[in-house]
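S.K.: quick one, fold the following:
(one chain, ligands or ions: 2)
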Amino acid sequence: MVFQGTAGFHGGAPKRITASVLPSNFGSIRMRILFIGDIFGRPGRNIVKDRLPGIVRDHAINLIIANGENSAAGFGITPALAEELFELNVDVITTGNHVWDKREIIDYFQMVEGNGHGPARRVLRPANYPADMPGSGVYEGFKGKIPYAVINLQGRVFMASNDDPFRTADRLLQRIQAKVILVDIHAEATSEKISLGWYLDGRVTAVVGTHTHVPTADERVLPNGTAYVTDVGMTGPYDGVIGVKKELVVGKFLNGMPVRFEPATGDARLCAVVIDCDDHTGKARSIERLMLS
Ligand SMILES: [Fe+2]
Ligand SMILES: [Fe+2]
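M.R.: Ligands and ions are numbered 1, 2, ... in the order given. You can find the predicted model right below:
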């Protein structure tokens with residue numbers, strides 16, 4: 001089953017098109033980015049493995065970025081799981097508040113020394129964490145001859161207190177040379193995410209939201225050329241509550257007792273967006289939302 005929508009900026013209101021796929025030869029002259037929402041546990045990893053080659057082919061994808069903060073049974077990501085995603089041709093992995101759930105990721109981040117483009121360097125944690133934390137929140141690389149950058153930020157509303165994501169973005173953008181720049185804003189509050197989208201409009205290619213695990217239908221290209229969506233949605237089991245077995249979460253709401261959360265298993269879906277942009281200016285032309293099962 002496929003549910004999709006697309007929005008583009010053509011000088012007027014965002015336009016909705018219901019075509020299932022775009023012509024694959026668009027990719028020869030365009031930079032087309034696939035961003036996959038929070039990959040949750042084995043169901044999420046398996047559906048990425050099953051569907052990614054077809055998405056890359058049908059949507060002429062050049063660059064693949066995925067949020068992997070829930071890859072390890074919902075809690076964090078291990079080096080082995082990160083490398084499993086890299087073997088599937090994911091270029092950069094972003095994370096969020098669950099990044100430290102598996103301690104091995106700290107050692108992995110510390111392996112980066114001297115290898116600025118190796119796998120460990122291509123796993124990010126939010127850039128607005130305290131400066132002396134392991135890892136990095138920005139990656140700058142090349143896809144073919146096209147320079148690109150990925151910035152990972154975390155919100156502060158209803159989340160742990162971190163540095164200001166807005167001014168962190170300002171600081172990072174002062175030194176980034178690439179025109180093609182994707183920002184993953186991992187945040188709870190829709191208002192904070194939408195505000196960051198407007199704040200960065202015209203300065204980055206895309207601002208995509210993650211963390212809530214619920215996709216939003218507000219994808220659009222903002223007036224100055226930044227593709228935006230409040231939340232890409234989870235890639236994982238939807239027969240649950242944001243990835244967790246539903247009876248455990250419902251029970252916690254009913255009785256408030258502590259409970260060990262276990263990942264749900266059924267109804268795996270892959271949620272992502274495809275962003276088409278001009279590699280010379282970095283401006284987005286369109287953003288298309290995907291939900292595949
Ligand atoms: Fe998540
Ligand atoms: Fe999160």
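
S.K.: residue contacts, the residue nearest to Glu83 when sequence neighbours are not counted?
M.R.: Nearest residue to Glu83, sequence neighbours excluded (C-beta to C-beta, 6 or more residues apart in numbering): Pro119, at 5.7 Å. No exception for glycine: its C-beta is placed from N, CA and C like everyone else's. Contact analysis of Pro119 by C-beta atoms under 8 Å, 6 or more residues apart in numbering lists Pro79, Ala82, Glu83, Phe86.

S.K.: columns pLDDT and neighbour count on top of those, output as JSON lines?
M.R.: Written out in JSON lines, the entries for these read as follows (pLDDT from 0 to 100; neighbours: other C-beta atoms under 10 Å):
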{"residue": "Pro79", "pLDDT": "97", "neighbour count": "17"}
{"residue": "Ala82", "pLDDT": "98", "neighbour count": "24"}
{"residue": "Glu83", "pLDDT": "97", "neighbour count": "16"}
{"residue": "Phe86", "pLDDT": "98", "neighbour count": "18"}
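
S.K.: re the thing from before, quick check: the residue nearest to Glu83 vs Asn89, distance?
M.R.: Noted for Pro119: a distance of 12 Å to Asn89, by C-beta to C-beta, to the nearest Å.

S.K.: identify the contacts common to these two.
M.R.: Counting by C-beta under 8 Å, 6+ apart, Pro119 and Asn89 have no common neighbour.

S.K.: what about the chain, any weak spots by pLDDT?
M.R.: Within the chain, the segments meeting pLDDT under 70 span 1-29.

S.K.: residue in it with the shortest distance to ligand 1?
M.R.: Closest residue of the chain to ligand 1, C-beta to the ion: Asp38 (3.5 Å).

S.K.: my read is that that residue contacts Val208, right?
M.R.: No - contact status for Asp38 versus Val208: not in contact, 11.3 Å apart, counting by C-beta atoms under 8 Å.

S.K.: with neighbour numbers in mind, choose between these two.
M.R.: Neighbour count, other C-beta atoms under 10 Å: between Asp38 and Val208, Asp38 has more, with 31 against 28.

S.K.: dump the residue contacts of the more buried one.
M.R.: Contacts of Asp38 by C-beta under 8 Å, 6+ apart are 44, 67-70, 96, 210-211, 213, 232-236, 243.

S.K.: identify those among those residues that sit within helices.
M.R.: Counted as lying in helices by DSSP state H, out of the contacts of Asp38, are Gly44.

S.K.: sorry, back to before: restricted to helices, list the contacts of Pro119.
M.R.: Short answer: those in helices (DSSP H) are Pro79, Ala82, Glu83, Phe86.

S.K.: show me which residues of the chain are close to ligand 1?
M.R.: Residues of the chain found near ligand 1 (C-beta under 5 Å from the ion) are Asp38, Glu69, Asn70.

S.K.: swap the cut-off to 8 Å and go again
M.R.: 38, 40, 67, 69-70, 96-98, 186, 210-211, 213, 234, 242-243 (C-beta under 8 Å from the ion).

S.K.: after the helix or strand containing Glu140, which helix or strand is next?
M.R.: Using DSSP states H and E, the element containing Glu140 is strand 138-143. The helix or strand immediately downstream of strand 138-143 is strand 146-154, counting by DSSP H and E.

S.K.: pairing partners for that following strand, with directions?
M.R.: strand 138-143 (antiparallel), strand 180-186 (parallel) (DSSP bridges).
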